[in-house]
Structures are given as structure tokens and as C-alpha cells.
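J.: dropping a prediction and its sequence here:
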Amino acid sequence: MVPEVCHELRRKLNAFLTEKPEDKVLRDVQSQVQVSMKVIEKALSRYGPEQLSISYNGGKDCVVLLVLILACLPVWAFSSDPSPAASSNLSATLQTSTAKHPIKSPSQPPSSKPAVSPRSLQAVYIISEHPFAEVETFVEASATGYSLDLDRYALPMRPGLEAYLLDKPKVEGIFVGTRRTDPHGETLTHFDPTDKDWPQFMRIHPVIDWHYVEIWAFIRHLDIPFCSLYSQGFTSLGGMYDTHPNPALAVEGDPTKFRPAYELVEDGEERLGRDR
């Protein structure tokens with residue numbers, strides 16, 4: 001159940017924030033976490049969980065954002081403490097789940113499911129035209145492990161969001177894992193409404209100022225499960241035909257082998273494995 005998962009993540013985050021690490025990167029991550037949590041709490045205060053969603057594609061930035069949001073939810077959505085069992089098998093669930101989520105298309109009518117409960121975080125997954133099987137597997141497993149109310153759309157971004165908002169008309173704000181070094185991320189703030197020719201909602205960017213190394217320091221220090229492609233040298237995930245292992249991580253002397261994504265250091269090298 002979501003309450004147990006949220007409380008577990010809240011405890012992990014609180015414990016991390018009380019640490020006194022010698023490593024400067026981890027100290028910077030602590031500062032970033034505090035800023036991001038304030039943004040998330042502001043969004044929750046402004047909209048409430050029922051009017052919020054997360055754009056989720058299983059990527060590293062989305063995973064960090066998801067964990068931060070879920071860690072903030074206990075204060076807002078759950079009135080009592082969970083049992084001591086508190087989702088102790090979360091990591092195993094994320095790795096082994098095979099639950100399936102239906103893909104929606106514009107020909108399908110809006111979902112007939114009951115309105116989402118505050119005990120489930122709404123999420124939208126806009127599927128790449130040629131998705132990696134590893135990404136699909138991780139999205140399905142993590143959606144189950146974190147008990148997301150996930151809607152999937154095999155559509156380009158704009159019509160996909162239009163279809164989602166038809167299905168979920170109460171949604172007014174969507175959390176997005178965009179960072180400053182991503183395309184079109186230079187001028188974004190924590191809260192930015194969509195452009196006039198796009199579906200209308202508030203884009204919320206809690207991790208906009210995180211650096212690449214901070215994303216990975218957070219994931220590894222808190223032992224957060226991530227997509228297996230990152231262990232194969234991929235540093236930015238897109239579709240199968242425009243995404244490759246990052247050449248900056250190639251093992252010297254063997255161009256077919258790559259070091260894991262978390263060994264990359266420079267923000268500017270993150271998208272060297274992307275054709276666009």
C-alpha cells in the first residue's frame with residue numbers, strides 16, 4: 001500500500017538529511033533535497049494530491065523526483081502511522097513485478113475508473129515511439145512497487161497529454177523531472193504554466209537545479225532501484241533508435257563495453273549518447 005511506501009521513504013530521507021557526510025557532493029545533495037521538498041510541499045499546499053500528477057518515464061531524474069514526492073505525501077495524505085512492516089520488500093517488488101498497465105489511445109473513451117484516492121499518486125507515462133524493453137519493464141515494476149495510479153499513452157507528447165487531461169480533468173499541475181541542462185531547461189523555474197498552444201496545466205520542476213552527479217549520488221546513497229540500461233553505459237534514455245551507450249563511458253581498448261552511468265561526471269556529457 002502507498003502509505004507504507006511513503007512512510008518508509010520519508011524515514012529514509014529524514015535519516016539522510018541528518019547525516020554529516022564528508023563528501024561534498026552528498027552535502028550538496030542534502031541542500032538540493034531540502035529545496036526540492038519545499039517546492040513539492042508548496043505544490044501540495046496549492047493543489048492537493050488529487051489535482052497533481054507526475055510525468056513518469058522510468059528515467060533517473062523521474063525516479064529521484066518520484067521518491068521525493070512520495071516522501072512528502074505522508075504529511076498531506078495519511079493521518080496515521082503505518083504498521084512496522086512498512087513495505088520492507090519494496091526493492092524486491094520493484095525488481096520482480098510483472099503487473100501490466102493498459103496503453104491508451106485517442107480512440108478510447110476517458111477512463112471509467114473511480115476518482116483517484118489520496119492514497120495513490122497519479123502518474124502519466126508518454127511512451128517513446130520505439131521504447132526499450134528494459135524501460136518498459138522498469139516502468140511497470142516501479143509503478144507497481146510505488147503503487148502509482150499510472151496511465152500510459154502511446155502517443156507523441158502533446159496529444160498524449162491532451163488525452164491524459166481528458167481522462168483526468170481534475171489534474172491542474174504535473175511534476176516534471178526536467179533539469180537545467182536538459183533541452184529547453186535553461187529558463188525554467190520551479191513553477192511554469194504550459195505554453196498557450198499546449199494542454200493547459202502547471203509544470204512543476206522540483207529537481208530543475210540538480211546536477212547529474214547529484215542525481216546519481218542520491219540514487220546510490222539511498223539505494224533506490226533504477227533501470228538496468230544505466231548499468232550498460234546509457235546516461236539519457238530515449239527511444240531504441242536514437243539512444244546509445246554514452247561514448248564518454250567506453251572502456252578503453254574495448255569499444256563494445258561501457259562503464260555504468262553513475263561514473264560520468266560532467267553535466268555537458270550526459271546526452272552524448274542521444275542522436276537528438
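T.: Perfect, I can see it now. Computed from a predicted structure; not experimentally measured.
J.: which residues in the stretch 101-250 of the chain form strands?
T.: 103-104, 122-126, 149-153, 173-175, 191-193, 202-204, 250-251 (DSSP state E, counting those that start in this stretch).
J.: in terms of mean pLDDT, which of those ranks lowest?
T.: Of all these, the minimum mean pLDDT falls on strand 103-104 (a mean of 48).
J.: returning to that earlier point: got the strands of the stretch 101-250 of the chain as JSON lines, with mean neighbour count columns?
T.: C-beta coordinates here come from the backbone N, C-alpha and C atoms, glycine included. Shown next, in JSON lines, are these (neighbours: other CB atoms under 10 Å):
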{"stretch": "strand 103-104", "mean neighbour count": "17"}
{"stretch": "strand 122-126", "mean neighbour count": "24"}
{"stretch": "strand 149-153", "mean neighbour count": "22"}
{"stretch": "strand 173-175", "mean neighbour count": "24"}
{"stretch": "strand 191-193", "mean neighbour count": "14"}
{"stretch": "strand 202-204", "mean neighbour count": "22"}
{"stretch": "strand 250-251", "mean neighbour count": "13"}
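J.: out of the ones you listed, which is closest to residue 67?
T.: Closest approach to residue 67 among these (CB to CB): strand 173-175, 11.8 Å.
J.: so what pLDDT did the nearest residue to residue 23 once chain neighbours are set aside get?
T.: In space, and not counting its chain neighbours, residue 23 is closest to residue 217: 7.9 Å by CB to CB, 6 or more residues apart in numbering. pLDDT recorded at residue 217 is 98.
J.: who touches residue 217 in this structure?
T.: Contact partners of residue 217, counting by CB atoms under 8 Å, 6 or more residues apart in numbering, are 23, 25, 26, 29.
J.: what about residue 196, distance to residue 188?
T.: 17 Å (CB to CB, to the nearest Å).
J.: neighbour count winner among those two?
T.: residue 188 (17 against 6; other CB atoms under 10 Å).
J.: helix/strand/coil for the residue nearest to the spatial centre of the chain?
T.: Per CA atoms, centre = their mean, the C-alpha nearest to the average position across the chain is that of residue 62, at 1.8 Å. Going by DSSP: H, G, I helix; E, B strand; the rest coil, the secondary structure assigned to residue 62 is helix.
J.: what's near enough to touch it?
T.: 54, 55, 56, 177.
J.: so the closest residue to the first one other than its chain neighbours bridges to which residues?
T.: Sequence neighbours aside, residue 175 is the residue nearest to residue 54 in space, at 4.3 Å (criterion: CB to CB, 6+ apart). Residues in a beta bridge with residue 175, per DSSP bridges, are residue 54, residue 204.
J.: hang on, residue 175 packs against residue 51?
T.: No. Counting by CB atoms under 8 Å, residue 175 stays clear of residue 51, with 11.8 Å between them.
J.: can you get me a residue count around residue 17?
T.: 13.
J.: leaving out chain neighbours, which residue sits closest to it?
T.: With CB to CB, 6+ apart as the criterion, residue 17 has its nearest non-adjacent residue at 5.7 Å, and that residue is residue 30.
J.: export the helix or strand where the one you found lies to PDB, keeping only CA atoms.
T.: Using DSSP states H and E, residue 30 sits in helix 24-47. Coordinates of each C-alpha in helix 24-47 appear next as PDB, following Å, rounded to 0.1, in the frame of the first residue of the first chain:
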ATOM      1  CA  LYS A  24      30.900  17.500  -0.700                       C
ATOM      2  CA  VAL A  25      28.600  16.000  -3.400                       C
ATOM      3  CA  LEU A  26      26.400  14.400  -0.700                       C
ATOM      4  CA  ARG A  27      26.300  17.700   1.200                       C
ATOM      5  CA  ASP A  28      25.200  19.400  -1.900                       C
ATOM      6  CA  VAL A  29      22.500  16.700  -2.400                       C
ATOM      7  CA  GLN A  30      21.200  17.400   1.100                       C
ATOM      8  CA  SER A  31      20.800  21.000   0.100                       C
ATOM      9  CA  GLN A  32      19.100  20.100  -3.100                       C
ATOM     10  CA  VAL A  33      16.700  17.700  -1.300                       C
ATOM     11  CA  GLN A  34      15.600  20.500   1.100                       C
ATOM     12  CA  VAL A  35      14.900  22.900  -1.800                       C
ATOM     13  CA  SER A  36      13.000  20.200  -3.800                       C
ATOM     14  CA  MET A  37      10.900  19.200  -0.800                       C
ATOM     15  CA  LYS A  38       9.800  22.800  -0.300                       C
ATOM     16  CA  VAL A  39       8.700  23.100  -3.900                       C
ATOM     17  CA  ILE A  40       6.800  19.800  -3.600                       C
ATOM     18  CA  GLU A  41       5.200  20.900  -0.400                       C
ATOM     19  CA  LYS A  42       4.200  24.200  -2.000                       C
ATOM     20  CA  ALA A  43       2.600  22.400  -4.900                       C
ATOM     21  CA  LEU A  44       0.700  20.100  -2.500                       C
ATOM     22  CA  SER A  45      -0.500  23.100  -0.500                       C
ATOM     23  CA  ARG A  46      -1.600  24.900  -3.700                       C
ATOM     24  CA  TYR A  47      -3.300  22.000  -5.400                       C
END
